[in-house]
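Peer 1: sequence plus predicted model, see below.
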Amino acid sequence: MERVITERLSAAKRSSGKSYSQIAAETGLTNVYVAQLLRRQAQLKPDTVSALRASVPGLTDDLVEEMMAPPFRCYRPDLLHDPAVYRLNEAIMHFGESIKEIINEDFGDGIMSAIDFYCSVDKIQGVDGKDRVVVTLDGKYLPYTEQKSEHMVSRRSQ
């Protein structure tokens, strides 16, 4: 069923004749978030419905209703076979340890949220004149907490 929905969402996007970046510019969302919405990897919020429908007129009432339901966020393991996805994974694996050390050095012991998170993909021209891909990962910093038993609400006596 989910595959049928995503196929219909993809068809609505194609019929609009617009790119993810064009839809993003018209809706005030990031291009990656638009793609997530149309792949059912993010939940459409009520305040965004009218802008998205204006940008993608092929979105029917039932599709919008599906998009407003909480999605089942997952990835397909076979997706790593796609060269673009594989290279993104490879880049994070290769640079991840250094990124982690810089986060810890600049912020302290913590991580970057993937919940309070923004992502975009942009195309720029490099100094050599060749096209370059810029992927921006913009996540809230989440510090690890010291686990003191006195702060553990479930252990407090009522």
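Peer 2: Sure, I can see it. Residues are numbered from 1 along each chain as shown.
Peer 1: any weak-confidence spans in this structure?
Peer 2: Confidence mapping of the chain against pLDDT under 70 gives the ranges 156-158.
Peer 1: how is it partitioned into domains?
Peer 2: According to automatic domain parsing, the chain comprises the domains 2-68, 77-145.
Peer 1: helices or strands next to the lengthiest helix in the chain in the packing?
Peer 2: When the chain is parsed with DSSP state H, its longest helix is helix 83-107. Here helix 83-107 touches strand 110-125, strand 131-143, going by 3 or more Cβ pairs under 8 Å, 6 or more residues apart in numbering; DSSP states H and E. All C-beta spots, glycine's among them, are computed from the backbone N, C-alpha and C.
Peer 1: what sits up against the longest one?
Peer 2: What it means is strand 110-125. When contacts are defined by Cβ atoms under 8 Å, 6 or more residues apart in numbering, strand 110-125 is touched by residues 24, 30-33, 103-104, 131-144.
Peer 1: ok, of those residues, which come out buried?
Peer 2: Neighbour-count burial (16 or more other Cβ atoms under 10 Å) is assigned, among these, to 24, 30-33, 103.
Peer 1: just these now: which is nearest Gly126?
Peer 2: The closest of the buried ones among the contacts of strand 110-125 to Gly126 turns out to be Asn31 (Cβ to Cβ; 20.0 Å).
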